[in-house]
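Visitor: what follows is a predicted protein model with its sequence.
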Amino acid sequence: MSNASLEAIAAKSGQPFPGAPNNWQRFFSFSTDHKVIGIQYIVTAFVFFLIGGLLAMVMRGELITPEADLVDRTVYNALFTMHGTIMLFMWTFPVLNGLANYLVPLQIGARDMAFPRLNAAAFWLVPVFGILLMVSFFVPGGPSQSGWWAYPPVSLQNPTGNLINGQVLWLLAVALSGVSSIMGAVNFVTTIFRMRAPGMGWFRMPAFCWTVLSAQMIQLFGLPALTAGAVMLLLDLTVGTSFFDPARGGDPVLYQHFFWFYSHPAVYVIILPVFGMFSEIFPVYARKPLFGYKFVVVSSVIITMLSGVVWVHHMFASGTPSWMRMLFMFSTMLISVPTGVKVFAWVATVWGGKLRLDTPMLFALGGLICFLFAGITGIMLGAVPFDIHVNNTYFVVGHFHYVIYGATVMGVYAAIYHWFPKMTGHMYYEGLGKLHFALTFIGVNLNFFPMHPLGLMGMPRRVASYDPEFAYWNVIASLGGFLLGVSTLPFILNMISSWILGKRAPANPWNAIGLEWLISSPPPVENFEEIPLVVSGPYGYGSHEPLVANHPAGELNSEHS
Amino acid sequence: MTTPTTPTEPRSLSFRTVALLVALAIADAAISFWVGRQAYLWMPPQASAEALLVDDLFGFLTTIGCFIFLGVTTALVVSVLFQRADKYDTSDGPPIEGNLLVEILWTTIPLGLVIWIATYSYQIYDKMAILGPMEHMNHVPSLSLIPPAEAATLPAVPEKTPIEVHARQWAWEFYYPDQGITSTELHLPVNERARLVLTSEDVLHGFYVPAFRIKQDVIPGSSIDFGFTPIREGSYRLRDSDYSGTYFAANQGTVVVESAESYQQWLADAAASPLTVADNRAYREFNKAPERLGWKSIQPAPPPRVNYASAEDNSYE
């Protein structure tokens, strides 16, 4: 589409900036186009992913020998604090928000998000609090060293005595991140409730949109607790209140309740959209409908509801009475039932299909296997007596990284490859993609599997030095960590070169079913010239029913562009 | 347990398919059972009665987990190997959208499994009884707050004053009130239930002995009753398990489990020893390198003065 006609559409649509540039510069502007914002989120997040990854590699360098010899202990503590913070608040949440931003309006047949300016404002807070976090490396005393949980009283200790210190900046950044996420959540929930195309009933909505809706609901009920905890901690630290300081009558365990009330459900905010991506990708590359679609989407909602009653499982070894340990053991284990429904449904979707092992499918399969492993160790962690042994050890770190890197990062990669042609209008290089997958899959297992035996042997997490008996598995884990660092190189190379030089992408390169595949790649401003009229469910592979009534490409879902 | 190889159209199952599935399930179960037995070897020595219980639970969880993992991955790998589309085949697979029976089965079977695992875990936890009556959110533990009915059901504990465990940044110190002894090494008689009271002076610490499979956060402002039964003589590592600041990793100690006679002898020897300054790694490191490259740290507490100081290079299991 030419610039002139784009501008004509933009002017007609009453966009706030009709003259907004339509080249690479638009990604640096206050654009209100959900597609531009989506890509802004993804690219910004990826930059921070690389920074967080570099910090992790320094840590793995420290842990390659038992002694604390590569970096000072204070530096090591700052490294794991900032690694966790950056990876969660600057990578996973933003990158998933970016993908959801890009895809949800397209998948439900909307022209944009419900509140485009709010959407842009929510994004622009991300670099703001990202920079705030980065600045903390340069204040006297360095960044926060209290871990990404920021448990008091450690987080209340301020050896520099300065009012502006790493911990204060950290708390401000986390509070701002909460504000940004709530702005995003309001937007997603409204968009999905109010802006679905005519004919798209709840059970005709793609599974990805269901998972985004479920995840954003969690943000709405959980984030206020985290933000309140952060603000109370900030007050304790700066103006001398004593909510959490035991030396002055506060209760440090209260903070843990505030923190985990949000931060465990936050794991579902992260993993649910990844479940959605799996649910979108498996049918395309297996050429079969998503097995048990209704069970799969309803299970997302059940996960959302159960996620509100699991937070105490992070505190089994904390000051938690026995009755509470038992109650939360049951509720934690229950959540594996709806999750298991999804896993079995994906396997049944793949089973008996006509598989095409393109890069997105490889990442989705690899991510599914990692998630399965993480789910099994997750049930183990739910069992209180076993959790008491491995709580706060590397077993938990291994479990968590299988969820976050194994399933989430691989799921995000799968999604980026799958929708790359749609986003950029160019095809990526398949060979580089497969190399990227191989390095990632090997790296993940080499890096994170050894953490499980380490935890069983009793190696605590967050240690800069350790006893020599742990050296063997740590060396393997470190090598895996460096390999994961290397694995990002073919990805970066692939994305940049194929965006510039890659073959032109047709509207529907994967022969996929979904509203986003009915329009050109990349989609025009405002997405749909005519809002589609949806007449069937989202995964009609093999059934040859039209998806929409008023679009030529919708008539035949096996049409090739 | 549903094997994930469950086909999508059970009504059209042939005898051959059923036989194959049963054979696969048996093989999966046999391998999982074997892996579950191996799980005991991945743990430190079983040095407490609680360790026996926890390891049984872990073996059980490993068996079930292995069964599910193997079943599901086998189904995926078989698909990837044998169900690929031909190069120029762009047609769709069978349009199977679901199967109510299969979906109900794979919802209810895991639900039953979860109830089984949780119940078994509950029984194990109940037997361990590691936590004393704890009045959480109440900074002065008080027995009077326990309802009398509940207090009566508490297991009778032999009249023995608990050993006080003091955690601080960054040292462990043990106080034996009956003898008036302080030590940086925790000595316990074998086969006798140990009673501890855990307190912290500054931040959260975690009392963790991997060989005992027990762990409890030590919370400043509360004292926590804690108990377990060591059953194997030897030296074991005590680790701080809850992140406690700069020298967290160095905050370790030794637990010695010995016969009743040796224990009494140790108590007597320690009571006769004068107070000496114990070696402390955090204190030593902090004072050794004043111009460190890193950022500022909280100053470690001075090394404790104790009747018995453990040697830095103690061997342990």
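Guide: Noted; the coordinates are in hand.
Visitor: show me where chain A has its strands.
Guide: Along chain A, counting by DSSP state E, no stretch forms strands.
Visitor: excluding its backbone neighbours, what's nearest A:R204?
Guide: Take A:R204 and drop its neighbours on the chain: the residue closest to it by C-beta to C-beta, 6 or more residues apart in numbering or on different chains is A:G537, 5.2 Å away. Heads up, the C-betas are built off the backbone N, CA and C, glycines and all.
Visitor: what score does that neighbour have for pLDDT?
Guide: Note on A:G537: pLDDT of 90.
Visitor: and for A:R26?
Guide: pLDDT, A:R26: 78.
Visitor: I'd like to know how many residues surround it.
Guide: 17 (other C-beta atoms under 10 Å in any protein chain shown).
Visitor: could you measure from it over to chain B?
Guide: Distance, A:R26 to chain B, by C-beta to the nearest C-beta, to the nearest Å: 36 Å.
Visitor: circling back to that earlier point, show me what contacts the residue nearest to A:R204?
Guide: Counting by C-beta atoms under 8 Å, 6 or more residues apart in numbering or on different chains, A:G537 touches A:203-204, A:289, A:293.
Visitor: neighbours of the nearest residue to A:L132 once chain neighbours are set aside, how many?
Guide: Counting by C-beta to C-beta, 6+ apart, A:L132 lies nearest to A:A173, which is 4.5 Å off, once chain neighbours are set aside. For A:A173, the count of nearby residues is 26 (other C-beta under 10 Å).
Visitor: one more: the one 4 residues further on?
Guide: Residues contacting A:S177 under the criterion other C-beta under 10 Å number 27.
Visitor: tell me the pLDDT of it.
Guide: Looking at A:S177, its pLDDT reads 93.
Visitor: and the residue nearest to it when sequence neighbours are not counted, how far is that from chain B?
Guide: In space, and not counting its chain neighbours, A:S177 is closest to A:F89: 4.7 Å by C-beta to C-beta, 6+ apart. Going from A:F89 to chain B by C-beta to the nearest C-beta gives 19 Å.
Visitor: surely A:F89 and A:A175 touch.
Guide: No. In this structure, A:F89 is not within contact of A:A175 by C-beta atoms under 8 Å, at 10.8 Å.
Visitor: neighbour count winner among those two?
Guide: Taking other C-beta under 10 Å, A:F89 and A:A175 do not tie; A:F89 has more neighbours (27 against 19).
Visitor: for the one residue sitting closest to the centre of chain B, what are phi and psi?
Guide: Geometric centre of chain B, nearest residue: B:R213, 4.5 Å, by C-alpha atoms, centre = their mean. Dihedral angles of B:R213 (phi, psi; degrees, to the nearest 10) stand at phi 60, psi 30.
Visitor: my guess is it meets B:S48, correct?
Guide: Yes. The criterion here is C-beta under 8 Å, and B:R213 meets it with B:S48 at 6.7 Å.
Visitor: if I look at the two, which residues touch both of them?
Guide: Joint contacts of B:R213 and B:S48 (C-beta under 8 Å, 6+ apart) do not exist.
Visitor: re earlier: out of the contacts of A:G537, which one sits closest to B:D202?
Guide: A:Y293 (54.3 Å; C-beta to C-beta).
Visitor: dump the residue contacts of that closest one.
Guide: By C-beta under 8 Å, 6+ apart, the residues touching A:Y293 are A:203, A:207, A:537-539, B:97-98.
Visitor: kindly reformat those as JSON lines containing distance to B:N191.
Guide: Output for the contacts of A:Y293, formatted as JSON lines (distance: C-beta to C-beta, whole Å):
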{"residue": "A:F203", "distance to B:N191": "62"}
{"residue": "A:A207", "distance to B:N191": "57"}
{"residue": "A:G537", "distance to B:N191": "65"}
{"residue": "A:P538", "distance to B:N191": "64"}
{"residue": "A:Y539", "distance to B:N191": "62"}
{"residue": "B:E97", "distance to B:N191": "62"}
{"residue": "B:G98", "distance to B:N191": "58"}
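Visitor: what's around A:L54, how many residues?
Guide: By other C-beta under 10 Å, 14 other residues sit near A:L54.
Visitor: B:Q252 versus that one, what's the distance?
Guide: 30 Å (C-beta to C-beta, to the nearest Å).
Visitor: go on, B:E317?
Guide: Computed as C-beta to C-beta, the B:E317 to B:Q252 distance reads 14 Å.
Visitor: separation between A:I182 and A:L226?
Guide: Per C-beta to C-beta, A:I182 is found 10 Å from A:L226.
Visitor: that'll do, ta.
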